[in-house]
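# Mind looking at a prediction? Sequence and model below.
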Amino acid sequence: MRVDIAEHLLGGRPPHRIARELGVELVDVTGIASALGRTGVRLGRRLTLEQRFRSRTRHIHSGHVLWLDRAERGMPVLVHNGRVHSALRVAWSMTRTDKPVGPVTTTCAMPLCVASDHLVDLAALRKVATVLHQLLGPTPLATTAH
């Protein structure tokens, strides 16, 4: 059974939309829905935050994970149990044990990519800035006196 299809079904997404977004045949989606006991009625269980997150994503080429749900001011957000979460922070917490320092942002040029290995926090950005400073010296703007 394809776990990604099952998670989308458990997340309440309609089969036709799942088939379109994942690029699979509708019959494959409805077959899994039947196996899950979901035949026209919503399953009566609550999803975890991670399950809800996975049901709102699609893995695409080059390791990108496309966010399929809401975005506010260009940032992907996830509503779970009435709370709004940063989808980037959820993606971070799903693959790392450390808590992010400051906001979690993406290094990816692809809009709405939530791949965990494309994310950085403030601590990572500071490390990169330190390495760049060691390699290149101070920036031209920092050395000019006005």
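The structure has been received and is ready for your questions.
# shouldn't Gly63 be in contact with Asp117?
Yes. Using C-beta atoms under 8 Å, Gly63 makes contact with Asp117 at a distance of 6.9 Å. Yep, even glycine has a C-beta here, placed from its N, CA and C like the rest.
# need the longest helix for this protein.
Taking DSSP state H as the criterion, the chain has its longest helix at helix 122-136.
# Quick check, central residue of the chain?
Val114 (3.4 Å; C-alpha atoms, centre = their mean).
# what ranges do the helices span in this protein?
3-10, 15-22, 26-35, 49-54, 87-95, 122-136, 140-143.
# can you list these in JSON lines and add mean neighbour count, distance to Cys108 and mean pLDDT?
Shown next, in JSON lines, are the helices of the chain (neighbours: other C-beta atoms under 10 Å; distance: least, C-beta to C-beta, whole Å; pLDDT from 0 to 100):
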{"stretch": "helix 3-10", "mean neighbour count": "20", "distance to Cys108": "20", "mean pLDDT": "81"}
{"stretch": "helix 15-22", "mean neighbour count": "16", "distance to Cys108": "19", "mean pLDDT": "86"}
{"stretch": "helix 26-35", "mean neighbour count": "16", "distance to Cys108": "28", "mean pLDDT": "87"}
{"stretch": "helix 49-54", "mean neighbour count": "19", "distance to Cys108": "17", "mean pLDDT": "90"}
{"stretch": "helix 87-95", "mean neighbour count": "19", "distance to Cys108": "10", "mean pLDDT": "95"}
{"stretch": "helix 122-136", "mean neighbour count": "11", "distance to Cys108": "14", "mean pLDDT": "90"}
{"stretch": "helix 140-143", "mean neighbour count": "8", "distance to Cys108": "26", "mean pLDDT": "57"}
